[in-house]
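J.: mind looking at a prediction? Sequence and model below.
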Amino acid sequence: MISGGHFAQFLVASVIIILAPGPSVLFTLARGVAWGRSVAVLTVLGINVGALLLSLVVALGLGPLLTHSKPLSIALQLVGGLYLVWLGFDALRHREAHAQAMTEREDRRPSRFQIIRQGFTVGILNPKTLIFFAAVFPHFVDRTNGNVTLQLVIFGCVFCAKAFVCDSTWGIVAGTARQWLTASPKRLVVLRSIGGAVMCVLGVVILVSAAIS
């Protein structure tokens with residue numbers, strides 16, 4: 001089973017990643033700003049159902065490989081750290097364009113089924129989500145303490161549950177304060193900038209940890 005130290009590290013890192021305004025949060029905020037709280041929460045539900053399915057695919061595919069290959073585990077950690085740094089840099093570079101996109105809305109409000117389906121599509125077809133699960137989760141796996149596949153499954157379930165709660169909170173806040181958020185684009189730019197900076201820092205931490213392991 002997962003060691004207490006590894007799981008504690010995962011809990012802290014996952015909270016930081018989830019709270020940082022990344023692509024899924026951006027999409028959720030856009031829906032909340034455009035259509036309100038209920039649309040944002042349903043969007044989050046769809047995103048995390050898709051993300052959970054991806055995490056299970058990653059766990060079943062990578063688990064047996066990581067069990068017998070420490071070099072692969074380290075390589076994936078390096079890829080994950082570099083990916084987070086790139087994602088953070090990209091968020092900073094395009095923060096104004098992302099902020100503008102969050103204020104756009106469709107001609108008509110989508111149905112509940114359409115909202116969940118669109119969220120699911122974002123969650124399961126986002127290559128960034130797949131790369132994140134495959135490259136970052138292995139950093140917290142304890143290869144000497146239990147089944148690696150099971151550890152990855154647990155990480156995926158815990159991550160998606162926490163993401164649903166946190167992203168729903170983002171959506172509810174955006175839906176409640178949408179007039180305040182859209183009144184000044186600079187507020188959305190600041191929000192995106194904070195998320196980008198946090199992801200860069202976390203990526204560097206993972207890179208350093210992988211390099212000395």
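T.: Now that the structure is in, tell me what you want to look at. These numbers were taken from a predicted model, which means no experiment stands behind them.
J.: centre of the chain versus the longest helix along the chain, how much separation?
T.: In the chain, taking DSSP state H as the definition, the longest helix is helix 37-67. Counting by CA atoms, centre = their mean, to the nearest Å, helix 37-67 is centred 10 Å from the centre of its parent chain.
J.: which helix or strand contains the closest residue in space to P110 that isn't next to it in sequence?
T.: In space, and not counting its chain neighbours, P110 is closest to Q118: 6.9 Å by CB to CB, 6 or more residues apart in numbering. For glycine as for every other residue, the C-beta is placed from the backbone atoms N, C-alpha and C. Using DSSP states H and E, Q118 sits in helix 112-125.
J.: name the residues of that helix that are buried.
T.: Counting neighbours by 16 or more other CB atoms under 10 Å, one finds that the buried residues in helix 112-125 are I115, I116, Q118, G119, F120, V122, G123, I124.
J.: do you know how far the third one is from W35?
T.: In this structure, Q118 and W35 are separated by 12 Å, where distance is defined by CB to CB, to the nearest Å.
J.: shared neighbours of the two, anything?
T.: Residues within reach of Q118 and of W35 at once, by CB atoms under 8 Å, 6 or more residues apart in numbering, are P110.
J.: quick one on the thing from earlier: and the next helix or strand past the longest helix of the chain?
T.: helix 70-93.
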